[in-house]
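1. build me a structure from this.
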Amino acid sequence: MTTLDPDDYTVDELIEELESVDDEDELTAVLEAERTGQDRTTAREAVRDRLMEIGADLEGIEEGTETEGEYEETAEDVGEEAEGEEESAAESTEEDESEPETEAEEDDDLSHPTRDKRHVRALADGEYADMWVFCETQGGELLEVSREMLGKARELMDQFQAEYGDEERVVAFLMGDDCEGLAEECIAYGADVAVYHDDRRLERFLHKPYTEISAHMARGEGTVESTDWRDYDKPRYVLFPATNNGRDLSAKVQAELDSGLASDCSDLFIEENEVSNPVKTGEPGVKKIFEKVLHMKRPDFSGFEYSTILCLDNPGREFHPQGASIIPGSFEPMEPDYDREGLVVEHDMELNDDWFRVEISDYDQLEAGIDLTGHDVIVCLGRGIADDPTEGMELGLELVDAFENAELGITRGIVTSSYQFEGHVEEYSKEERQIGETGQVVAPDLYIAAGVSGAVQHKVGMDESDTIVAINTDTDARIRDFSDYFIEGDLFEVLPRLTEAVESGDTALEPEAVADGGDD
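-> The predicted model follows:
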């Protein structure tokens, strides 16, 4: 008997060769040769799969170690109704007859509560299409970030069609109380299809029902009337807003769909990518091209560089949808076209009453906060106002008033400081005006940072500004590294000069003129 030498083949070639091998002993020998040779996980899996196909008894055969994220059965094998409790009961029956229970096994509360959790392998050779966008609502209206994501999705999928020749759609999905009108609004802002679930109990965000409904929609489950517009298994891409609710929902939904998530992204593009990582190719030294990859850019932990996150398949393990949450203010919404044609679909799903065990019986609504996005100019004050906090705040406000469309922001250093402000400016020192990673993200035409050091967390909140002008006495301040113009000086002296320059000139003063003190 001539036994295949797995070292002579790539994994794909080995899989093809194994199709012609029907002898259990030969396959076992191939498995052992692989284990003692290159020991490729995907190759061992292929041999074991072939052994199962010919009806071999795998008991006693080396099991190996599965790659991360790979599980025992496919979604098709397990099915929608599979329950972890049923599996654990079936597996424990034989053990109960032969072995006495240990004290740990009897104590369900203390023994490993997740050890019997049933996982499902992501679809193999699934069909994926379209870019889905979760459109968050509040108070019966679409959040601005929902419109921003729809505009970016429209741009991406138009480019997708031009690049690949495939006409795939932008699909908005949302839920709430009386939200059909909002679904129609999504069409005006760029969606081709808007799928909505209407229920009075969904007026406010709730973890469980929102997650279950979103995953149900994405899998194409429901009545024929609510699903016959699509013919694929899962979305190719999905976007969520990086709001408090959006961050929560994105992680839960992507976990339900057996995929990954790039959080807090500020840019997206689609193109092919060549990789040589053996986890993705199946073996060392092999390069593989992945097409139609969503590149998801986000600030890295330093805040001074950007990382590009890719969601790539493993051999035999597909990760879809490729998912991202988007920082509000990262993109511009498209101009709405209320005559634009699109498909509005009401989603059908029976909601479990147990998902609504928590009921909001009473609530207080806070006054509307300060929205720093959408302004042409932002003047941001930092700890440089420490010598006279009240005067520093007054000077910042005077510069804001000199522009036609400007607003005042502050750094976290001011929010957490013990500065004493006089009453007439104290309201401007509150957290609602904070810019940065834990505050608002802005991208104005002109950003004036006065007395701001340039901490990583602050950079995340303003790095997309068109023109950044920094004022600081410290020439080594980090903000100098990412400013277009740096003015060495005391903000108490520089800000009045800038205000005078703006007030004496055209209201459309160029940033260069501001940086030069208005001499031009």
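2. what about Glu291, which SS state?
-> With DSSP: H, G, I helix; E, B strand; the rest coil as the basis, Glu291 sits in strand.
3. no, scratch that, I was asking about Thr28
-> Relying on three-state DSSP, one would call Thr28 helix.
4. can I assume Thr308 sits in a strand?
-> Yes - counting by three-state DSSP, Thr308 is found in a strand.
5. does it touch Val293 like I think?
-> No - with contacts counted by Cβ atoms under 8 Å, Thr308 stays clear of Val293, the gap being 9.9 Å. Where C-beta positions appear, they are placed from N, C-alpha and C, glycine not excepted.
6. just want to know which of the two has more residues nearby.
-> Val293 (19 against 16; other Cβ atoms under 10 Å).
7. all helices of the stretch 351-500 of the chain, in order?
-> 389-402, 412-415, 423-426, 456-462, 491-504 (DSSP state H, counting those that start in this stretch).
8. a markdown table please, covering those and showing mean pLDDT and mean neighbour count.
-> Formatted as a markdown table, the helices of the stretch 351-500 of the chain follow (pLDDT from 0 to 100; neighbours: other Cβ atoms under 10 Å):
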| stretch | mean pLDDT | mean neighbour count |
| --- | --- | --- |
| helix 389-402 | 96 | 20 |
| helix 412-415 | 91 | 22 |
| helix 423-426 | 92 | 12 |
| helix 456-462 | 86 | 23 |
| helix 491-504 | 94 | 18 |
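9. the ones you listed: which one's closest to Asp348?
-> helix 456-462 (40.9 Å; Cβ to Cβ).
10. what sits up against that closest one?
-> When contacts are defined by Cβ atoms under 8 Å, 6 or more residues apart in numbering, helix 456-462 is touched by residues 299, 301-304, 378, 380, 382, 411-412, 435-443, 447, 449, 452, 468, 478-479, 482.
11. surely Val195 forms part of a strand?
-> Yes - the assignment for Val195, made by three-state DSSP, places it in a strand.
12. Gly396 - nearest residue in space that isn't next to it in sequence?
-> Leu381 (4.7 Å; Cβ to Cβ, 6 or more residues apart in numbering).
13. might one say that that neighbour is in contact with Ser453?
-> No - using Cβ under 8 Å, Leu381 is not in contact with Ser453, being 12.0 Å away.
14. who's more crowded, those two?
-> Shown here are Leu381 and Ser453; by other Cβ under 10 Å, Leu381 has more neighbours (30 against 19).
15. tell me which of the helices of the stretch 351-500 of the chain sits nearest to Leu372.
-> Nearest of the helices of the stretch 351-500 of the chain (Cβ to Cβ): helix 456-462, 9.2 Å.
16. neighbours of Arg40, just the number please.
-> Neighbourhood size, Arg40 [other Cβ under 10 Å]: 22.
17. which ones are touching it?
-> Per Cβ under 8 Å, 6+ apart, neighbours of Arg40: Pro6, Val11, Glu34, Pro278, Gly282, Glu283.
18. ok, so of the residues you listed, who is nearest Gly396?
-> Pro278 (54.7 Å).
19. surely the closest one touches Lys287?
-> No - here Pro278 does not reach Lys287: they are 10.6 Å apart, not a contact under Cβ under 8 Å.
20. give me the more crowded residue out of these two.
-> Between Pro278 and Lys287, Pro278 has the larger neighbour count (other Cβ under 10 Å), namely 17 against 10.
21. show the pLDDT at that one.
-> Model confidence at Pro278, given as pLDDT, is 85.
22. quick check: it vs Met393, distance?
-> 57 Å (Cβ to Cβ, to the nearest Å).
23. ok, now Ser266?
-> Distance from Ser266 to Met393, by Cβ to Cβ: 29 Å.
24. okay, now the unreliable bits of the stretch 251-400 of the chain?
-> 301-304, 365-368 (pLDDT under 70).
25. could I get the full set of strands for it?
-> Taking DSSP state E, counting those that start in this stretch to define them, one finds strands in the stretch 251-400 of the chain at 261-265, 267-275, 288-299, 306-309, 322-326, 343-346, 377-381.
26. report all helices and strands that the second one contacts.
-> Contact here means 3 or more Cβ pairs under 8 Å, 6 or more residues apart in numbering; DSSP states H and E; on that basis strand 267-275 packs against helix 144-164, strand 288-299.
27. for Val345, find the nearest of these.
-> helix 144-164 (16.2 Å).
28. next, the angle from that closest one to strand 288-299.
-> 150 degrees (axes from the mean of the first three to the mean of the last three Cα atoms, to 10 degrees).
29. how about helix 144-164: buried residues?
-> Applying a neighbour-count criterion of 16 or more other Cβ atoms under 10 Å, one finds 144-157, 160 buried in helix 144-164.
30. let me see the ranges of the helices in the stretch 101-250 of the chain.
-> According to DSSP H, counting those that start in this stretch, the helices that the stretch 101-250 of the chain contains are 103-106, 144-164, 180-188, 207-218, 224-227, 244-256.
31. please produce a markdown table containing the ones you listed, extended by distance to Asp348.
-> What follows is the helices of the stretch 101-250 of the chain, written out as a markdown table (distance: least, Cβ to Cβ, whole Å):
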| stretch | distance to Asp348 |
| --- | --- |
| helix 103-106 | 42 |
| helix 144-164 | 23 |
| helix 180-188 | 14 |
| helix 207-218 | 9 |
| helix 224-227 | 4 |
| helix 244-256 | 19 |
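32. excluding chain neighbours, what is closest to Phe356?
-> Arg201 (5.3 Å).
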